[in-house]
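the sequence and its predicted three-dimensional model are supplied below.
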Amino acid sequence: AQKVTQAQTEISVVEKEDVTLDCVYETRDTTYYLFWYKQPPSGELVFLIRRNSFDEQNEISGRYSWNFQKSTSSFNFTITASQVVDSAVYFCALSESSNTGNQFYFGTGTSLTVIP
Amino acid sequence: ETGVTQSPTHLIKTRGQQVTLRCSSQSGHNTVSWYQQALGQGPQFIFQYYREEENGRGNFPPRFSGLQFPNYSSELNVNALELDDSALYLCASSLGWGAGNTIYFGEGSWLTVV
C-alpha cells in the first residue's frame, strides 16, 4: 500500500492565484516525520519543510504555508499568490521511526504549472 | 544549492553492462542515501550508508550495491543493467542516520539503458 498519496497529478493556476497541494499519509508509528520537497526541471529535490508527528502547529514561511492534521493524516501545502517560479513538481514524503535508518517514502508528486 | 555533488550527470549504457555513480556529501554530513526516480514517479529508496556500512535498504535486488568512503563520499554500483534501470539516480546526505533527519539531495545522475 502506498504510504504517501498525492492524488493531484497535475495542477495549473494563473499567476497570483492561491493553490493547495494535498498529501495524505499512512503509518502505524506514533513518531514519524513529514517533509515537502520541490523538484524543478533540473532534477534536484529542494527541501522545503520538516514536521514531526508531535507538532501539529501550522507553519507559514513567506508565501508558503503548511496544514498538518493528524486526525485526517494529511499534510497539505498552500502557495499564496503563486508565481511562475513556483512551477515545479512537489513531493510529500514520510520518514518512520520504526525503520532502520532514515528511509523516506515519497508520494508520486504533483506537477504545478503557474501560467503568467 | 545543497553542496551534494554527483557525477556523471548523464550517461548511456547498454543492457547487461555495469555502472558506477558517485556522490560527495554536503560538508559535515556523515550519512548518504541513494534513491531511484523513474520518469513521472517519486523517488524510491535504494539504501543508506553510515560509517561505511549499509544500515537500511529498500526493495532493490543485490545487483544494486554501494560503498561509502572515510570522507563520507559514496558510490552506487549497478550490475547487469536492465532497461528498467533507466532513471534519475539521486544521492542525498544528512547529519545523522536516524529517522527524521532531513536529507539534502544532489542534482542526480540520469542513466539511460539501451
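Received, thanks.

could you report the neighbour count for residue 10?
Defaulting to chain A. For residue A:10, the neighbour count with other C-beta atoms under 10 Å in any protein chain shown is 10. C-beta here means a position set from N, CA and C on the backbone, and glycine is covered the same way.

switch to chain B, please.
Counted with other C-beta under 10 Å, residue B:10 comes out at 9.

and what of the one 3 residues further on?
Around residue B:13 sit 16 other residues, with neighbours defined as other C-beta under 10 Å.

what do you get for residue B:76?
Going by other C-beta under 10 Å, the residues that sit close to residue B:76 add up to 26.

nearest residue to it in space, please, no chain neighbours.
residue B:21 (4.5 Å; C-beta to C-beta, 6 or more residues apart in numbering or on different chains).

quick one: pLDDT of the residue in chain A that chain B sits nearest to?
Nearest to chain B in chain A, going by C-beta to the nearest C-beta, is residue A:101, at a distance of 2.5 Å. The per-residue pLDDT reported for residue A:101 equals 84.

do residue A:97 as well
85.

where does chain A dip in pLDDT?
A:1 (pLDDT under 70).

can you do 90?
Within chain A, the segments meeting pLDDT under 90 span A:1-2, A:41-43, A:55-60, A:97-101.

and if you look at chain B?
For chain B, the ranges with pLDDT under 90 are B:1-2, B:97-100.

residues from it in reach of chain A?
B:2, B:31, B:33, B:35, B:40-45, B:48, B:50, B:55-56, B:58, B:88, B:90, B:92, B:94, B:96-108, B:110 (C-beta under 8 Å from any C-beta of the partner chain).

could you redo the last one with a cut-off of 6 Å?
Residues of chain B that fall close to chain A, judged by C-beta under 6 Å from any C-beta of the partner chain: B:41-43, B:45, B:48, B:55-56, B:88, B:97, B:99-102, B:105, B:107-108.

tell me the buried residues within those residues.
B:42-43, B:45, B:48, B:55-56, B:88, B:97, B:99-102, B:105, B:107-108 (16 or more other C-beta atoms under 10 Å in any protein chain shown).
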